[in-house]
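**Student:** model this:
(one chain, ligands or ions: 2)
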Amino acid sequence: MAGPASEAVDLIPETAIVSLDAYRAAGGGAGLAEAHRLGPAAIIDVIARSGLRGRGGGGFPTGRKWSGIAAQTGLRRYLVVNGAEGEPGTFKDRALLRANPYQVVEGMIIAAAAVGAEAVFVGVKGSFQREIEALTRAIQEMQEAGLCHDCTVTVVGGPDEYLFGEEKAMLEVIEGKPPLPRWFPPYEHGLFASSPQEGWEAGPHGSGRRTDEPNPTLVNNIETLANVPHILARGPEWFRSRGTEASPGTVIATVVGDVVAPDVGEVEMGTPLRAVIDAVGSGMAPGRTVKAVFSGVANPVVTAADLDVSVSYEGFESVGSGMGSAGFIVYDDTACMVDAAYRFSRFLSIESCGQCPPCKIGSGEITKLLDKVRSGEGTDHDLAAMGGWLARVTDGNRCFLAVEEQRVVSSVLRAFPEEFAAHVEHQGCPLPGDRPMPKLVDLAGGQASYDENYWRKRPDWTYED
Ligand SMILES: Cc1cc2nc3c(=O)[nH]c(=O)nc-3n(C[C@H](O)[C@H](O)[C@H](O)COP(=O)(O)O)c2cc1C
Ligand code: SF4
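**Tutor:** Ligands and ions are numbered 1, 2, ... in the order given. The predicted model follows:
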């Protein structure tokens with residue numbers, strides 16, 4: 001086991017690592033060597049003891065996920081690496097791929113070896129050209145150097161839709177279909193499973209039999225896997241020397257919105273949110289204060305009263321929210337929360353795929369009602385109708401998107417009732433302003449650029465002219 005326990009590692013080095021030689025010179029490859037020495041069961045044990053949790057949003061314990069896949073029966077297993085990064089306000093996977101794609105590939109090879117995956121598929125949005133190039137170069141170099149052994153790694157460019165990042169939809173895309181979540185989770189119904197289809201299209205296997213070859217598939221986020229080589233090289237105690245008991249290590253936080261300089265940065269888990277906003281986003285403009293923070297579009301709003309919450313899974317849970325993928329969208333005291341709820345709801349209703357009618361119809365109706373209220377035409381009856389749709393939007397849901405709609409919009413209604421009342425009573429917005437949905441296209445040097453075409457996207461995923 002290499003490296004002293006106190007040694008820090010920058011997941012995002014200041015100077016990007018652009019060759020395998022440079023990666024090796026910086027100590028790269030030591031995790032893989034240790035993994036080969038240990039073998040699959042011991043690798044999983046090290047990851048489990050490290051306490052690493054998935055950085056894709058859910059925070060599921062990685063070691064437990066890996067041992068679950070390893071314990072599944074089936075001829076074939078696969079590893080799918082989730083680099084879709086569709087969560088608004090999040091840029092960490094792209095930052096990691098730009099800065100050091102080699103550690104991500106090393107993490108993939110270790111994960112594949114641990115669960116006995118015969119092939120790795122990396123799902124990255126086709127529009128992330130720069131990241132795809134960096135990743136492809138790293139894979140080629142590592143394959144040529146013999147580091148991938150007999151494991152093939154294929155990069156699959158996917159669509160821009162938010163659902164591409166949902167794991168059951170990503171499997172569909174890798175199989176050449178649209179990003180429509182299937183029913184069963186990847187560990188139960190994996191890639192290329194020979195079973196009745198559980199996706200959208202009517203398949204050739206209409207016999208109703210259960211899966212012959214379930215092909216259990218491990219899905220992990222890019223950042224989760226970026227941590228893996230360092231844990232193998234330095235040991236679980238090293239990883240646990242930072243962060244909290246329940247959320248060890250560091251996290252790559254993105255801070256955007258009403259801050260001085262939006263950016264991405266690595267912070268120790270357990271750091272107060274207020275300090276993360278200051279350290280990564282350079283804080284608020286003079287005279288402005290934080291009104292609300294959203295951790296992407298999947299979790300309830302965090303208000304100014306909870307700004308000292310620890311950036312950790314348990315910290316955000318303790319204030320009734322979730323850390324998500326640590327992409328923080330900050331609103332200052334001049335922001336309209338009805339408008340924010342409208343924009344989040346519009347995003348989710350457009351991105352809903354419509355396989356579950358209560359999700360597509362409900363999120364669409366909630367969005368229309370929020371639009372009515374924000375433009376000063378709403379009534380108390382509209383607010384009550386919204387409550388009804390929010391209660392039903394998750395009925396029969398295949399995936400978590402419907403729950404996101406319910407959690408985010410309900411939380412804003414609960415946290416800022418006076419703002420909704422003011423819109424209805426005064427028939428207009430007391431805090432007009434224009435804040436775009438932070439669907440990040442680029443984030444560098446304190447400048448964020450958002451998808452300017454997004455306002456043209458329609459609920460059927462086509463674009464207005
Ligand atoms: C609507 C939706 C979108 C998602 N988008 C992403 C994404 O862009 N990237 C990601 O890693 N996980 C995303 N997830 C979570 C994945 O489904 C999955 O939990 C994750 O990739 C597992 O990896 P982890 O255990 O390493 O966190 C999304 C989930 C939902 C419900
Ligand atoms: S819950 Fe919504 S987004 Fe998810 S599969 Fe159903 S309709 Fe599609």
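**Student:** just checking, what packs against the helix or strand harbouring Val267?
**Tutor:** In this structure, Val267 sits in strand 263-268 according to DSSP states H and E. Secondary-structure packing of strand 263-268 (3 or more Cβ pairs under 8 Å, 6 or more residues apart in numbering; DSSP states H and E): strand 250-257, helix 273-281. Every residue, glycine included, has its C-beta placed from N, CA and C.
**Student:** now the angle between helix 273-281 and that strand, please.
**Tutor:** Angle of strand 263-268 versus helix 273-281, following axes from the mean of the first three to the mean of the last three Cα atoms, to 10 degrees, is 130 degrees.
**Student:** Using CSV, write down the CA coordinates of strand 263-268.
**Tutor:** Extracted in CSV, the C-alpha atoms of strand 263-268 (Å, rounded to 0.1, in the frame of the first residue of the first chain):
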residue,chain,number,x,y,z
ASP,A,263,-16.9,27.6,-10.8
VAL,A,264,-16.1,24.0,-9.9
GLY,A,265,-13.9,23.0,-7.0
GLU,A,266,-13.0,20.0,-4.7
VAL,A,267,-14.1,20.4,-1.1
GLU,A,268,-13.9,18.2,1.9
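**Student:** Other residues contacting it?
**Tutor:** With contacts defined as Cβ atoms under 8 Å, 6 or more residues apart in numbering, strand 263-268 is touched by 10-12, 91-92, 95, 242-243, 250-255, 276, 279-282, 311, 443, 446.
**Student:** what does the protein put close to ligand 1?
**Tutor:** The chain comes close to ligand 1 at residues 54-58, 60, 65, 82, 84-87, 162-163, 165-167, 219-221, 224, 399-401, as judged by Cβ under 6 Å from any ligand atom.
**Student:** Please name the nearest non-neighbouring residue to Thr217.
**Tutor:** Closest residue to Thr217 apart from its sequence neighbours, by Cβ to Cβ, 6 or more residues apart in numbering: Gly190 at 3.2 Å.
**Student:** can you count the residues close to that neighbour?
**Tutor:** Neighbour count of Gly190, defined by other Cβ atoms under 10 Å: 28.
**Student:** Show the contacting residues for it.
**Tutor:** Contacts for Gly190 (Cβ under 8 Å, 6+ apart) come out as Gly74, Arg76, Arg77, Tyr78, Leu171, Pro214, Asn215, Pro216, Thr217.
**Student:** Looking at the residues you listed, which is nearest Gly287?
**Tutor:** Leu171 (48.9 Å; Cβ to Cβ).
**Student:** Give me the contacts around the top helix by length along the chain.
**Tutor:** Counting residues, the longest helix found in the chain (DSSP state H) is helix 357-374. If you take Cβ under 8 Å, 6+ apart as the criterion, helix 357-374 is touched by 336, 338-339, 341-342, 345-346, 348-349, 352-354, 378, 382-383, 385-386, 389-390, 392-397, 401-402, 405, 409, 420, 423-424, 429, 459.
**Student:** Give the buried residues for that helix.
**Tutor:** Residues of helix 357-374 classed as buried: 358-374 (neighbour count, 16 or more other Cβ atoms under 10 Å).
**Student:** about what we covered before: with distance to ligand 2 added, can I get the contacts of Gly190 in TSV?
**Tutor:** Compiled in TSV, the contacts of Gly190 are given as follows (distance: Cβ to the nearest ligand atom, whole Å):
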residue	distance to ligand 2
Gly74	25
Arg76	26
Arg77	25
Tyr78	22
Leu171	13
Pro214	21
Asn215	21
Pro216	22
Thr217	18
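**Student:** Pull the most distant pair out of these.
**Tutor:** The most widely separated members of these, counting by Cβ to Cβ, are Gly74 and Leu171 (14.6 Å).
**Student:** Between those two, tell me which one has more neighbours.
**Tutor:** A count of neighbours by other Cβ under 10 Å puts Leu171 above the other of Gly74 and Leu171, at 30 against 18.
**Student:** Need the per-residue pLDDT for the residue nearest the centre of the chain.
**Tutor:** With distances taken as Cα atoms, centre = their mean, the residue of the chain nearest its centroid is Gly56 (3.9 Å). Per-residue pLDDT puts Gly56 at 98.
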